[in-house]
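Visitor: Dropping a prediction and its sequence here:
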Amino acid sequence: MSDLRYSHMISIADLPPLGLHLKLAPDEAATVALARYAGVLHAEGILATLHLVPEGREGVHVSGRLTATVRQTCGVTLEAFDAPLEEEIDVHFAPAGTYKPSEEDEENGIDPPDEIVDGRIDVGALVCEFLALGVDPYPRKPDAVFEPPAEDPAISPFSALARLKDKE
């Protein structure tokens, strides 16, 4: 396994000219590691449906969708709840050192392609990255409503300042 907790290597030389369809569903141990990596309490039903197509002379375009259900802690109620996760995957790969950004790329904020290392790409690492990107950093259980505590004038900051003034 890679440092991202899940790995599935694909050799670029083995890609058919019209591309390759893949469905990746991590096993239970990998799902537990992916949940930990993504910072959620639990994950289930992780499924990546990917299409890898050769691009240009040496590149690869990976597109598809990642779906899962993740359990998070609500930031309002502090209760655990399950949330659906769905992320579109659209990543370009190029051999290391071959991408030369143009001024137009930099001005338009175009991301450089990911690097192909030793003639292979790790589509499992894409699953890790897009799972983590899809997790809501401020989770809120459906129908959770934040109700601020009632103000007590005896503990307002202004009343505390008034008491200090009275002591003078």
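Guide: Looks like it arrived, so ask away.
Visitor: where do the helices sit along the chain?
Guide: Counting by DSSP state H, the segments of the chain that form helices are 28-38, 103-107, 123-134, 157-167.
Visitor: So which residues of the chain form strands?
Guide: 9-11, 20-24, 42-55, 59-73, 80-95, 114-116, 120-122 (DSSP state E).
Visitor: List the contacts of the residue nearest the centre of the chain.
Guide: What sits nearest the mean C-alpha location of the chain, by Cα atoms, centre = their mean, is Leu133, with 1.7 Å. By Cβ atoms under 8 Å, 6 or more residues apart in numbering, Leu133 lies in contact with Glu87. (C-beta placed from N, C-alpha, C; glycine too.)
Visitor: Now do it against Leu15, distance only.
Guide: 25 Å (Cβ to Cβ, to the nearest Å).
Visitor: and what of Leu131?
Guide: On the measure of Cβ to Cβ, Leu131 and Leu15 end up 24 Å apart.
Visitor: neighbour count winner among these two?
Guide: Leu131 (27 against 15; other Cβ atoms under 10 Å).
Visitor: got a list of what the more buried one touches?
Guide: 34, 37-38, 43, 46, 66, 68, 85, 87.
Visitor: so which of those is the most crowded?
Guide: That'd be Ala68 among the contacts of Leu131, by other Cβ under 10 Å, with 27 neighbours.
Visitor: Next one, pLDDT for that one please.
Guide: Ala68 is assigned 97 on the pLDDT scale.
Visitor: need the contact list for it.
Guide: 43-47, 84-85, 131, 134.
Visitor: which stretches of this protein aren't confidently modelled?
Guide: 1-4, 101, 105-106, 152-156, 160, 166-168 (pLDDT under 70).
Visitor: would a markdown table of the strands of the chain with distance to Glu104 be doable?
Guide: Output for these, formatted as a markdown table (distance: least, Cβ to Cβ, whole Å):
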| stretch | distance to Glu104 |
| --- | --- |
| strand 9-11 | 30 |
| strand 20-24 | 31 |
| strand 42-55 | 19 |
| strand 59-73 | 19 |
| strand 80-95 | 16 |
| strand 114-116 | 20 |
| strand 120-122 | 26 |
